[in-house]
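*Asks:* Whatever this is, show me its structure:
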Amino acid sequence: MNTNNKNKNNDKISQRSVLFITLGILAILVLLVVLFLSTYKPASLENDATSDVTTTDSTPVNVDPTARKKGYYTFLLAGVDNVSNSTDVLMLVSLDAVNHIINVVSVPRDTYINKSVGGYLNITRINSIYAAAYNHEIGIGTRSSSAKHIAMKDLCRRLEENMGITIDYYMLVDTAAFRGIVDAVGGIYFDVPRDMDYDDEEQNLHIHLKAGYQLLDGAAAEGVVRFRKGYSQGDIDRVNVRAAFMKEMLKQVKEKLNIETTVKLIGELIGSVDTSLSLTQAVARARDVYAVPNENVKFITLSGSTVMNPANGMWIYYVLNRRGASNDINKYLNVLQSDIDDGAFDPRGFFTDSVNEENAYINEYYNS
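*Replies:* Just a heads-up that it's a prediction; the model follows:
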């Protein structure tokens, strides 16, 4: 090899190392276990949502209400259970690079969906949408790597159509990546809110934790964010605990971040995450996210409640409140310069059931 070629190769290696480190910083700030480090497995989706609208410090005159806000991007972050392929973690994230704000909107895994509207036989929870599409693709012979991206696109499409939102990028992470992040930084200190004891042999999930402030390794941290047995409000309590843990994780990982830990994080995540972000898009968003201070990262849960079925006393679904969820979307996820019309949220009744009498309690809360 001649000297010029060797220098070119060294330059490429150096650039790649810098890129990896940049992506590591980005992913930690966006949370959900360094999802941006997966950019070496991009899907074919290459459209960059960067057609921003030029604005000034003063209110623009005659602004097109359909125009995008400048420097505003949205992401779908999904954490998948590798046994059931259900997305037990589902978050919609907005990044406002102009005002340096990140909003993380959790969608509880037990959120009710109408199987008739969705075209399903049995699916009535939002966490099964990805699994249904993925399993279908595998059933017709699609490779797993491709099936993941097809299923994520299906999930994005359904959320966009029924919530009236725009999703610019998606990221899918498995539980191994989450554990790896925590272990790579030497664990996370967290005040576990209650004793947690749960065993699921099928998922190889074993949670045995005592309440109190303690150092959690990756397996214990996974237990905290996945545990929901015995909570008075079911999945909604788990969502709140997870948000509290993520805030601590953000703070502590940033404090421990250096080149050594970043390299460890990269090693843990290679092969664990799939995303639609291209390398160019990831680097651009990295600069934006790095500028967001910790105090400007907000976690909320999409408005709704776990609702009891009066016929049997069961609390099995988290039901969205139409008015509250629509307001949340306008406040935390709206990419447009004007408010999204109320009619754009759930125009087909995907999140309720106004037809079947046995689900009247769902529709009543939905419209309350």
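*Asks:* for the strand or helix carrying residue 91, which positions count as buried?
*Replies:* When elements are defined using DSSP states H and E, residue 91 is found to belong to strand 87-96. Applying a neighbour-count criterion of 16 or more other CB atoms under 10 Å, one finds 87-96 buried in strand 87-96. Where C-beta positions appear, they are placed from N, C-alpha and C, glycine not excepted.
*Asks:* Okay, strands next: where are they in this structure?
*Replies:* In the chain, the strands defined using DSSP state E lie at 72-80, 87-96, 101-106, 169-174, 188-192, 196-200, 205-209, 212-216, 273-275, 297-301, 304-309, 314-320.
*Asks:* buried ones in the last one?
*Replies:* The neighbour-count criterion (16+ other CB under 10 Å) identifies 317-320 as the buried residues of strand 314-320.
*Asks:* chain center to it, what's the gap?
*Replies:* When C-alpha coordinates are averaged (CA atoms, centre = their mean, to the nearest Å), strand 314-320 and its chain have centres 21 Å apart.
*Asks:* Let me see the mean pLDDT of it.
*Replies:* Strand 314-320 shows a mean pLDDT of 94.
*Asks:* Next: the fifth one.
*Replies:* This predicted structure assigns strand 188-192 an average pLDDT of 95.
*Asks:* Also the third one?
*Replies:* Rounded to a whole number, the mean pLDDT of strand 101-106 is 93.
*Asks:* Give the pairing partners of that strand; include direction for each.
*Replies:* Note on strand 101-106: by DSSP bridges, its sheet partners are strand 87-96 (antiparallel), strand 297-301 (parallel).
*Asks:* mind listing what's buried in the shortest one?
*Replies:* What it means is strand 297-301. Buried residues in strand 297-301, counted by 16+ other CB under 10 Å: 297, 299, 301.
*Asks:* ok, of these, which one's closest to residue 198?
*Replies:* Distance to residue 198, by CB to CB, is smallest for residue 301 among the buried residues of strand 297-301, at 21.9 Å.
*Asks:* thought residue 199 was touching residue 206?
*Replies:* Yes - with the criterion set as CB atoms under 8 Å, residue 199 and residue 206 qualify as a contacting pair; they are 5.2 Å apart.
*Asks:* follow-up on the earlier one: please export the C-alpha coordinates of the strand holding residue 91 as PDB.
*Replies:* Extracted as PDB, the C-alpha positions of strand 87-96 are listed here (Å, rounded to 0.1, in the frame of the first residue of the first chain):
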ATOM      1  CA  THR A  87     -42.900  -2.700  22.100                       C
ATOM      2  CA  ASP A  88     -43.100  -2.400  25.800                       C
ATOM      3  CA  VAL A  89     -41.400   1.000  25.600                       C
ATOM      4  CA  LEU A  90     -43.000   3.500  23.200                       C
ATOM      5  CA  MET A  91     -42.000   7.200  23.200                       C
ATOM      6  CA  LEU A  92     -42.600  10.100  20.900                       C
ATOM      7  CA  VAL A  93     -39.800  12.700  21.100                       C
ATOM      8  CA  SER A  94     -39.600  16.200  19.800                       C
ATOM      9  CA  LEU A  95     -36.400  18.100  19.400                       C
ATOM     10  CA  ASP A  96     -36.600  21.900  19.100                       C
END
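*Asks:* so who does residue 260 touch?
*Replies:* For residue 260, no contacting residues are found, by CB atoms under 8 Å, 6 or more residues apart in numbering.
*Asks:* Who does the residue sitting nearest the centre point of the chain form a beta bridge with?
*Replies:* When the chain is reduced to its mean C-alpha position, the nearest residue by CA atoms, centre = their mean turns out to be residue 77, at 2.2 Å. Beta bridges link residue 77 to residue 91, residue 171, judged by DSSP bridges.
*Asks:* all helices of this structure, in order?
*Replies:* With DSSP state H, the ranges of helices along the chain come out as 3-30, 115-118, 129-139, 144-163, 175-184, 218-226, 235-256, 259-269, 279-290, 322-332, 360-366.
*Asks:* Tell me which of the ones you listed is the most buried.
*Replies:* helix 175-184 (a mean of 22; mean count of other CB atoms under 10 Å).
*Asks:* got the angle for that one vs strand 205-209?
*Replies:* Here the directions of helix 175-184 and strand 205-209 differ by 40 degrees (axes from the mean of the first three to the mean of the last three CA atoms, to 10 degrees).
*Asks:* relative orientation of helix 175-184 and strand 212-216 in degrees?
*Replies:* Computed by the same axes, to 10 degrees, the angle between helix 175-184 and strand 212-216 is 100 degrees.
*Asks:* Output helix 175-184 as CSV, nothing but the C-alphas.
*Replies:* In CSV, the C-alpha atoms belonging to helix 175-184 read as follows (Å, rounded to 0.1, in the frame of the first residue of the first chain):
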residue,chain,number,x,y,z
THR,A,175,-33.4,-4.8,26.0
ALA,A,176,-29.8,-5.9,25.7
ALA,A,177,-28.8,-2.4,24.6
PHE,A,178,-30.4,-0.9,27.7
ARG,A,179,-28.6,-3.2,30.0
GLY,A,180,-25.3,-2.5,28.2
ILE,A,181,-25.6,1.2,28.6
VAL,A,182,-26.0,1.0,32.3
ASP,A,183,-23.2,-1.5,32.8
ALA,A,184,-20.9,0.5,30.5
